[in-house]
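1. got a structure for you, letters missing:
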C-alpha cells in the first residue's frame, strides 16, 4: 500500500469564506497554495488536511459525509456551539428527536456537522475532529480499510470504522439504510501516492478492491476520479 489520505475536500460557493469559518472553529490557519487551493493544513502528524474547492452548484440535500467534533466537558460543548453561531453557523435539523447528546449544526454554506457530547468513549483520544462520519455500508468500510491500510477499529451491526495507525480522527460508516443521492457529493476524500509513487499502479489496485472509474477529478483534469463500492466519489491525485 503506497497511497495516503491527502485531504477531506469540500465544495464551496465561497471557498475562502468557508475556509475562514473552519479555521476559526478549529483553531488553524488558512493556507493559500497555487497547486492545492485553499486549505487548512493538518494539525500534527495524525491531523487531517481540509481543502475547499470552488463550485457553482448549490447545496440541495444533506451531505453524505460530515465531521464529528468532540467535547472535553459539557461546558466545552456549549462553548463550541456558541463559537459556531458567532462565526456564522447555525443549528440544523436532520431529523433528530431533540433528546440526543450531540448537537447538529451547519456551517455558512449549510454543511452539517455534529458537536458530540463529553464522555463519548468511542471518540476518546481522537482529537477535536473526532471522526469523519460517512453514510455508507459495511462493504465501504472494508474497502477503505484495504485502500488506506488503516485497521478496522469497529465492525458491529453493519457499522464500521477505521483509524490511521498514527491515531487521529476515525472514519466511520453508519450502515443501512443509505441516504438517497442527489448529484455529486459536496464532501469527498482525496488520496495521493507519496512523492515518487506510482499512481497508475495504485489506481489499478483500488479498482481491483472494488472501486469504479467516474472520470476526471474534482479539482483538476489531471486528477483521477473513482467511486467506492457505495458509489461515493473520491479522487486520486498526483504523487506529493
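-> It's in. Computed from a prediction, not measured in an experiment: that's the story for all the values here.
2. which elements pack onto the helix or strand bottoming out on mean pLDDT in the chain?
-> One helix or strand of the chain scores below all others by mean pLDDT, DSSP states H and E: strand 31-33, with a mean of 85. On a contact count with 3 or more C-beta pairs under 8 Å, 6 or more residues apart in numbering; DSSP states H and E, strand 31-33 meets strand 37-40. All C-beta atoms are positioned from the backbone trio N, CA, C, and that covers glycine.
3. direction included, what does the strand it packs on pair up with?
-> Take DSSP bridges as the rule and strand 37-40 pairs in its sheet with strand 31-33 (antiparallel), strand 50-54 (antiparallel).
4. mind checking which of those strands is nearest residue 175?
-> Of all the strands paired with strand 37-40, strand 50-54 sits nearest to residue 175, with 25.2 Å by C-beta to C-beta.
5. remind me, longest strand of the protein?
-> Longest strand in the chain, counting residues (DSSP state E): strand 4-12.
6. tell me the angle of the following helix or strand past that one relative to strand 50-54?
-> Using DSSP states H and E, the helix or strand that follows strand 4-12 in sequence is helix 15-26. Put simply, helix 15-26 runs at 160 degrees to strand 50-54, going by axes from the mean of the first three to the mean of the last three C-alpha atoms, to 10 degrees.
7. all numbers from here: first residue = 36
-> Taking 36 as the first residue, the last one we looked at is helix 50-61.
8. run a quick neighbour tally on residue 250.
-> 12 (other C-beta atoms under 10 Å).
9. that one reaches residue 262, doesn't it?
-> No. Judged on C-beta atoms under 8 Å, residue 250 makes no contact with residue 262 at a distance of 9.9 Å.
10. select the longest helix from the chain.
-> Looking across the chain with DSSP state H, the single longest helix is helix 109-122.
11. still on that earlier bit, let me know which of the strands paired with strand 72-75 is tucked in deepest.
-> Of all those, strand 85-89 carries the top mean neighbour count, a mean of 22, counting by mean count of other C-beta atoms under 10 Å.
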